[in-house]
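Trainee: how does the following fold in three dimensions:
(one chain, ligands or ions: 1)
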Amino acid sequence: MTTVSFDASKLDKFVHDNELDEMQALVNAADTELRQGTGAGSAFRDWLTLPDDYDQAEFTRIKAAAAKIRSDSKVLVTIGIGGSYLGAKMAVDFLHDTFFNYLPDEQRQDPQVLFAGNSLSPSYVYDLIHLIGDRDFSINVISKSGTTTEPSIAFRIFKAKLIEKYGKTTANQRIYVTTDKQRGALKQEAASEGYETFIIPDGIGGRYSVLSAVGLLPIAVSGADIDQLMAGARDAMNDYTNPDLTKNEAYQYAAYRNILYRKGFTTELLENYEPNLQYFAEWWKQLMGESEGKDQKGIYPSSANFSTDLHSLGQYIQEGLRNLMETVIFIDKPNHEVAIPKTDGNLDGLQYLEDRTMHFANTKAFQGVTLAHTDGNVPNMSVHIPDQTPHTLGYLIYFFEVAVGISGYLNGINPFNQPGVEAYKTNMFALLGKPGFETLGTELNKRL
Ligand SMILES: O=P(O)(O)OC[C@H]1O[C@](O)(CO)[C@@H](O)[C@@H]1O
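Mentor: Numbering: from 1, shown residues only. Have a look, this model is predicted:
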């Protein structure tokens, strides 16, 4: 039984039935490229089988490390950027109360899972140190390359704090490293300092890595069930193998967004109606943007949070430039339901909603928006999920991963590389004065 249900029924106005049929041959070819490894970037497809084919011993070690952190720390500082933090952040948000990280220590059973190294903001780091205060903490530093500047700087700072608080020997036992099995400065440091280390498999790029140690350790520290997360992904892996578009909704989603893209709908908004899905969209944006935006083409991934943003972006979506398509993730059964109470009289004009629930109102907002935006010529697709359990999240993650693999090949690009992200790094190194970048540094400084 599938967990995710993809709904393209509101696309009639934009896509004829025969157009989907016409995509079948291209989808078959994309499926072969993905499954047989004949497409570009084939060395980075190990996420395809990861839910079934992962290192069980390491998985056990992740759980043991999580148990230790949960027993000796009030805070886990998770250091990483891009794919080395977005998956963990979105999963911790998705799987817990909206205010999970805000609860005071006396009201919580789980450590706070906080993030660093995903920007170069000094104020953020200063404020985070202040927030941790004198509470016990551990660090999980995550970097596949082991050399990314933002997390490297944050690690230096938080490691110094850890040593200051506990002394070097104990501090080293509170540092958990997730990195490549052999390359990079972080790997060398972990080996020399004896930090507990987890591996990011070679064949999995950062944005596809949430179901490896990259995501699993912080998610397990938060108290979420990582067995169920993997089980959900495994179910999706088994459900999405048939390339027949009438039988594979992940492939349907890939096909429809490419049909729409070719008609000029070049920006896709991923939308939600639950605030703790906001970071799901941030994770999705990296997955889609780094996979598809290359060779001067690709759908631009953006996002909106509803109904909040209907009061800010709603006007643009309804009547602005017509290059938008929308994909809504809608949760059929929210974690909690709240009734709209009865009151004496009808001064606020809400009597007609008495005995209704907030989820009823949210559902009507979703339905009303879908029809209004469709009338406004914004193609609407939706992805329904039953709940916010780890199983559903694992399933949903896999849905989007396999969809972007197919989508990338449909658009004739390599969905597994990200050459474009190097340009800013090279300039930054040159301007920072990193050894080896002196000539470029001189040139760039003249242009400033
Ligand atoms: O894990 P790393 O090597 O620190 O990289 C973090 C992120 O940086 C990128 O390489 C882009 O700069 C992403 O692809 C990746 O997810």
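
Trainee: please count neighbours and contacts with C-alpha atoms only from this point.
Mentor: OK.

Trainee: neighbours of Ser73, just the number please.
Mentor: Burial of Ser73 is recorded as 18 neighbouring residues (other Cα atoms under 10 Å).

Trainee: my read: it touches Val113, true?
Mentor: No. Using Cα atoms under 8 Å, Ser73 is not in contact with Val113, being 10.3 Å away.

Trainee: list the contacts for the closest residue to Ala43 other than its chain neighbours?
Mentor: Spatial nearest neighbour of Ala43, chain neighbours left out: Gly203 (5.7 Å); criterion: Cα to Cα, 6 or more residues apart in numbering. Going by Cα atoms under 8 Å, 6 or more residues apart in numbering, Gly203 touches Ala43, Phe44, Arg45, Asp46, Trp47.

Trainee: I'd like those residues as JSON lines, with neighbour count and secondary structure appended.
Mentor: Shown next, in JSON lines, are those (neighbours: other Cα atoms under 10 Å; DSSP: H, G, I helix; E, B strand; the rest coil):
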{"residue": "Ala43", "neighbour count": "14", "secondary structure": "helix"}
{"residue": "Phe44", "neighbour count": "18", "secondary structure": "helix"}
{"residue": "Arg45", "neighbour count": "21", "secondary structure": "coil"}
{"residue": "Asp46", "neighbour count": "18", "secondary structure": "helix"}
{"residue": "Trp47", "neighbour count": "23", "secondary structure": "helix"}
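
Trainee: looking at these, spot the one nearest the ligand.
Mentor: When those are compared for distance to the ligand (Cα to the nearest ligand atom), Phe44 wins out at 12.2 Å.

Trainee: tell me how far the closest one lies from Leu26.
Mentor: Using Cα to Cα, to the nearest Å, one gets 21 Å for the distance from Phe44 to Leu26.

Trainee: what does Asp225 give?
Mentor: For Asp225, the distance to Leu26 (Cα to Cα) stands at 38 Å.

Trainee: now do the contacts for Asp7.
Mentor: Counted by Cα under 8 Å, 6+ apart, Asp7 has contacts Met381, Ser382, Val383, His384.

Trainee: ok, the third one touching Thr2?
Mentor: No. Counting by Cα under 8 Å, no contact exists between Val383 and Thr2, whose distance comes to 11.9 Å.

Trainee: neighbour count winner among those two?
Mentor: Using other Cα under 10 Å as the criterion, Val383 and Thr2 rank with Val383 on top: 22 against 14.

Trainee: just checking, the more buried one is part of a strand?
Mentor: Yes. Counting by DSSP: H, G, I helix; E, B strand; the rest coil, Val383 is part of a strand.

Trainee: what does the protein put close to the ligand?
Mentor: Within reach of the ligand by Cα under 6 Å from any ligand atom, the chain has these residues: Ile81, Gly82, Gly83, Ser84, Ser143, Lys144, Ser145, Gly146, Thr148, Gly206, Arg207, Val421.

Trainee: which of those residues count as buried?
Mentor: When the residues of the chain next to the ligand are checked for burial by 16 or more other Cα atoms under 10 Å, the buried set is Ile81, Gly82, Gly83, Ser84, Ser143, Lys144, Ser145, Gly146, Thr148, Gly206, Arg207.
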